[in-house]
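Asker: Show me how the following folds:
(2 chains)
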Amino acid sequence: SAVISQKPSRDICQRGTSLTIQCQVDSQVTMMFWYRQQPGQSLTLIATANQGSEATYESGFVIDKFPISRPNLTFSTLTVSNMSPEDSSIYLCSVEEGSANTGELFFGEGSRLTVL
Amino acid sequence: AQSVAQPEDQVNVAEGNPLTVKCTYSVSGNPYLFWYVQYPNRGLQFLLKYITGDNLVKGSYGFEAEFNKSQTSFHLKKPSALVSDSALYFCAVRDERYSSASKIIFGSGTRLSIRP
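Answerer: Model (predicted):
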């Protein structure tokens, strides 16, 4: 399976600041996915990062708050902008592997953000 | 519409005993079903999946899951629990009509605690 590296693994941030999370995959993938896991909660998809086009955001998430870059087939960044304590979460990068249409998701280790 | 439910927030089992973590789903078409495990301060790890074929699916770390179409369930099982199995477990589903992994939805998670 793909090896997915995320940086930072954790950070403590001040209200009103922005933080960019990096995701590096050791193989080329068409789509990369960004998830949020709020404390004690399940995973919620933020957006799908497509190489060469704008990210596709899920309902409730907007580009101004969560800008995403996808400069090539192995790398993506997610920025959490103008952070508030409600943004304290684990942010997870993911890719799909396996047969087309039946593949499973593989995840990075996550980036745990605490906003004060 | 599709949904997945994990009715138990927590499951407690003595080491050496069999364990079951429950999952039920609802999809319009045929389901693709997945189980993931999350250890503390880690990302999600893929355990197993059901796409088609044999209803009993075997996965990593000695886990298996049984697909039951009539009961719309996909319970995770292990014959003999280990203390190291203590973690957060997520069931996930995608309707086969959706071609993108972005349509995989996750249950609320079940915390499994194995006591020595």
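Asker: contacts and neighbour counts: CA atoms only from here.
Answerer: OK.
Asker: Just give the nearest non-adjacent residue to the residue of chain B found nearest chain A, would you?
Answerer: Relative to chain A, the nearest point of chain B is residue B:43 (4.0 Å; Cα to the nearest Cα). Once flanking residues are discounted, residue B:43 sits nearest to residue A:109: 4.0 Å by Cα to Cα, 6 or more residues apart in numbering or on different chains.
Asker: sorry, back to before: who are the contact partners of the residue of chain B closest to chain A?
Answerer: A:92, A:107-110 (Cα atoms under 8 Å, 6 or more residues apart in numbering or on different chains).
Asker: redo that, cut-off 10 Å
Answerer: Each residue near residue B:43 by Cα atoms under 10 Å, 6 or more residues apart in numbering or on different chains is listed here: A:90-94, A:106-111, B:36-37.
Asker: which SS class is the residue most central in space within chain A?
Answerer: Nearest to the geometric centre of chain A sits residue A:34, at 3.0 Å (Cα atoms, centre = their mean). Under DSSP: H, G, I helix; E, B strand; the rest coil, residue A:34 falls in the strand class.
Asker: And the one 5 residues further on, by the same measure?
Answerer: Remark: residue A:39 carries the secondary structure label coil [criterion: three-state DSSP].
Asker: thinking it is in contact with residue A:88, fair?
Answerer: Yes. Counting by Cα atoms under 10 Å, residue A:39 touches residue A:88, with 7.8 Å between them.
Asker: what is in contact with the two at once?
Answerer: In contact with both residue A:39 and residue A:88: residue A:112, using Cα under 10 Å, 6+ apart.
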